[in-house]
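Colleague: one predicted model, sequence on top.
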Amino acid sequence: MINKVVSGADEAIKDITDGSTLMLGGFGLCGIPENCITALVKKGVGQLTCISNNAGVDDFGIGLMLQQRQVKKMISSYVGENAEFERQLLSGELEVELIPQGTLATRCMAAGYGMPAIYTPAGVGTEVAEGKEVRNFNGKDYLMEYAFDADFAIVKAWKGDTAGNLVYRFTSRNFNPVMAMAGKVTIAEVEELVEAGELDPDQVHTPGVYVHRIFQGSGYEKRIEQRTVRTKS
Amino acid sequence: MINKVVSGADEAIKDITDGSTLMLGGFGLCGIPENCITALVKKGVGQLTCISNNAGVDDFGIGLMLQQRQVKKMISSYVGENAEFERQLLSGELEVELIPQGTLATRCMAAGYGMPAIYTPAGVGTEVAEGKEVRNFNGKDYLMEYAFDADFAIVKAWKGDTAGNLVYRFTSRNFNPVMAMAGKVTIAEVEELVEAGELDPDQVHTPGVYVHRIFQGSGYEKRIEQRTVRTKS
Amino acid sequence: MLDKNGIAKRIAKEIKDGYYVNLGIGIPTLVANYIPEGVNVVLQSENGLLGMGPFPFEGEEDPDLINAGKQTITTLPGSSIFDSAMSFGMIRSQKIDLTILGAMEVSENGDIANWKIPGKMVKGMGGAMDLVASARNIIVAMQHVNKAGESKLLPACTLPLTGVRCIRKIVTELAVFDVLQEGGFKLIERAPGVSVDYIRKATSGKLYADDDAPEMVLD
Amino acid sequence: MLDKNGIAKRIAKEIKDGYYVNLGIGIPTLVANYIPEGVNVVLQSENGLLGMGPFPFEGEEDPDLINAGKQTITTLPGSSIFDSAMSFGMIRSQKIDLTILGAMEVSENGDIANWKIPGKMVKGMGGAMDLVASARNIIVAMQHVNKAGESKLLPACTLPLTGVRCIRKIVTELAVFDVLQEGGFKLIERAPGVSVDYIRKATSGKLYADDDAPEMVLD
């Protein structure tokens, strides 16, 4: 097997430079690459284009990079709950491209599957369709959407092995597997790094071929955005 | 949960009629729906269009349906090792459409993912491209290929639960998950049927929403096509 | 007139045994509380879960297990997890039988606007555009009029659209409507105590309403 | 002149540490036997496996575990299994560093024919068209001439094509060639004991061969 292990987040992101396009896994604050975000903030790399379903909250997730004005452009489906984001957007410091969530996911998948473009009905007849090719198949209109072209994909998994195979836990899976397939360079941080052979080959979610660098992260905060509970009756 | 269990192969295939288009999972004889094939032969339904990577061997797999002249057309990527197949093809009894294996898989996936068409470079400049739209993206030519439209998908899994969730074992997975997503009606036979809740939700390969009928098969022969071994030295 | 729970309760009657259902944020989420005994339904959460269970008991929240509204939830026996591409794949291929979501406006030809108000901070469409473009069967749960007292059932939407010609049914605090293929809101049921006249006044899009439209029966 | 194992041995020298490699049926399969110690390589089998291991020991064959040639095989520590769509997805997105396959004909502009002989029963292209259309780096392993003694390195293919302008390197029992971007076979190495003249006579496509082309060194 090919060993993909690097020493940690700093080494994993060492060649991310100003102006890079990054995919960042996660849905809200669930399944985000916390260690790599911290390392990116520390490194201070700027003018980034970030493809990520959300933009974090003011003081966590991608919000930490927004605080340091490292992000030039966000490509997301939903960017609520972030005052600093709103301030930068209104002041013109930050550019935002909002695209439907399924289109976002499928444009990642298209890149991973070597498909240059896909067709989706999402956004037909709306401002999302402006400037895009519309094509009718079987009586229904679809938009042609292009595969993403990202320099780096940064994902978070639950477990990973030294060969780069990844396993996700519950809904922290979300965008991580499709982004992992889509990066020119894919960086994975995992809660538990095991030896090749310890993961069941049938149960690998992301095959190691997609992962270029892997490391075991630490200190995961895993913040909960909407803590909702019921009481035992 | 929604219970998808039926009594067995006969009930599962009861509404498959002459002229239906079927997807059949498997690669060679690995991971084929043995019980459903036996039931289809018994039922004697004919004029079938079968989408399957291979056509079985003379006396096993889809070969059993060919023997009974139940197949009008095969859509496959490779149909070697089957004398009866060759005889019917040369006599004009059987129609064959050969398509690249990746195109076959991706046209199934497209159906399951609600994408009416996909682009692939496979076959550009060859006779496979005849009559197809060629489109250039980023300097490379691609063929537009349509999603399949199959009445039934018949797949084989290792384990399944009453809610229709499926788990496959080793390379018997192959086309089964993509076909399971693609059928208007999807029938799954499994070696072991368990109660909902016994499969780890993170380890389900095919979510139950795709499966309309499930049953525990019996008497699996699992024939090996090329038995290759090494000797202990 | 119905309260939010009443709207949810009425919508729950539209859910049939064996349905896979996607519930949007707000009133639609409440629908889960009113699904009748014996009606087996599987809830899809588009962040990657089929078989969404209730909120966890206090102390049992798992940060790795949330719904599309980012709320902590639970799984159920028979649940399955998948990635975002597969999630919207099953939405696009119409494996989800029913989608219930909120709206700012619905037009008489079934257009919906629910993601953007010009001049206000735009948070994004999330999965709404995918859902309305793909679902076979969409019910809108909303208040009949906006905060300014203006009808949200309109001849044409004034806000940027989320999807076109996609809404089939609307449930408000006043009534249940079918959106007709040929255009127009067809009054199906009145909420308890609400008159047809009242509904007429509150609806600015083309309305087809019989004077003897029945009052809905809840429970 | 090389035998089949010699061809495989020579091709194995093209494999670099860290490569993901897809091996076709026939001579390419033999390449796995000659990968040098210390060169870490992962073999992909397009029916859905990364990390293909050796044949199983007798009695340990598993019918659920085969390669694309339908042979019983094994996994290795670090193997992963996936479905056919993902398998060809990773092929199309060029995650596989090197593809090695057989051919009936290769033209001087890199076209390949290896799936169909008019008039004979056609078995199908399997995954070959996907592989040749997508791979960045393809080596053909084949005999230099066909059974009739005719060159298989041609100005243009006579058989139905599998792919166009895709072959970069050819290894035959006689020699190693690069296929030039501008067209033509560039002789890189001669097999032991084979003269440049002999290679010239056996090659009908445009050949660029220095008289002092080196003899290959195996081992």
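Modeller: Everything's here; your move. Predicted model only: the values in this text are computed from it and were never measured.

Colleague: may I see the buried residues of the one helix or strand in chain C whose mean pLDDT sits lowest?
Modeller: Ranking every helix and strand in chain C by mean pLDDT, DSSP states H and E puts helix C:27-31 at the bottom, with a mean of 93. Neighbour-count burial for helix C:27-31, counted by 16 or more other Cβ atoms under 10 Å in any protein chain shown, picks out C:I27, C:P28, C:T29, C:L30, C:V31. Bear in mind the C-beta positions are built from the backbone N, C-alpha and C, glycine included.

Colleague: just give the nearest non-adjacent residue to the fourth one, would you?
Modeller: Going back to what we said before, that points to C:L30. The spatially closest residue to C:L30, leaving aside those adjacent along the chain, is C:A8, at 3.6 Å (Cβ to Cβ, 6 or more residues apart in numbering or on different chains).

Colleague: my reading is that the one you found lies in a helix. Confirm?
Modeller: Yes: under DSSP: H, G, I helix; E, B strand; the rest coil, C:A8 sits within a helix.

Colleague: isn't it right up against C:G24?
Modeller: No: contact between C:A8 and C:G24 fails when scored by Cβ atoms under 8 Å: they sit 11.7 Å apart.

Colleague: shared neighbours of the two, which are they?
Modeller: C:A141 (Cβ atoms under 8 Å, 6 or more residues apart in numbering or on different chains).

Colleague: at the contact with chain D, which residues of chain A appear?
Modeller: Chain A comes close to chain D at residues A:1-3, A:111-115, A:161-163, A:165, A:181, A:195-199, A:201-202, A:204, A:207-210, as judged by Cβ under 8 Å from any Cβ of the partner chain.

Colleague: select only the buried ones of these in ChimeraX?
Modeller: In ChimeraX syntax, the buried subset of the residues of chain A next to chain D is picked out as below (16+ other Cβ under 10 Å):
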select /A:1,2,111,112,113,114,115,161,162,163,165,181,196,197,199,201,202,204,207,208,209,210
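
Colleague: tell me which of the residues of chain A next to chain D fall in strands.
Modeller: Mapping these onto strands (DSSP state E) picks out A:D161.

Colleague: filter the residues of chain A next to chain D down to the ones near chain B?
Modeller: Among the residues of chain A next to chain D, proximity to chain B is found for A:Y113, A:G114, A:M115, A:P201, A:D202 (Cβ under 8 Å from any Cβ).

Colleague: who's in contact with residue 161?
Modeller: By default, I'm working from chain A. A:D161 makes contact with A:L193, A:V194, A:E195, A:A196, A:G197, A:E198, A:L199, A:G208, D:G78 under the criterion Cβ under 8 Å, 6+ apart.

Colleague: switch to chain C, please.
Modeller: Contact analysis of C:L161 by Cβ under 8 Å, 6+ apart lists A:G125, A:T126, A:E127, C:D111, C:I112, C:A113.

Colleague: could you flag which of those residues are buried?
Modeller: Neighbour-count burial (16+ other Cβ under 10 Å) applied to those gives A:G125, A:T126, C:D111, C:I112, C:A113.

Colleague: mind checking how far the last one is from chain B?
Modeller: Here the distance between C:A113 and chain B works out to 23 Å (Cβ to the nearest Cβ, to the nearest Å).

Colleague: if you count contacts, what does the worst-scoring helix or strand of chain A on mean pLDDT end up packed against?
Modeller: Counting by mean pLDDT, DSSP H and E, chain A has its least confident helix or strand at helix A:83-91, which shows a mean of 89. When contacts are defined as 3 or more Cβ pairs under 8 Å, 6 or more residues apart in numbering or on different chains; DSSP states H and E, helix A:83-91 packs onto helix A:62-67.

Colleague: what's the following helix or strand after the helix it packs on?
Modeller: strand A:71-76 (DSSP states H and E).

Colleague: right, and the helix or strand after the longest helix anywhere in chain A?
Modeller: Assignment by DSSP state H gives helix A:101-112 as the longest helix of chain A. Per DSSP H and E, helix A:101-112 leads on to strand A:117-120 as the next helix or strand towards the C-terminus.
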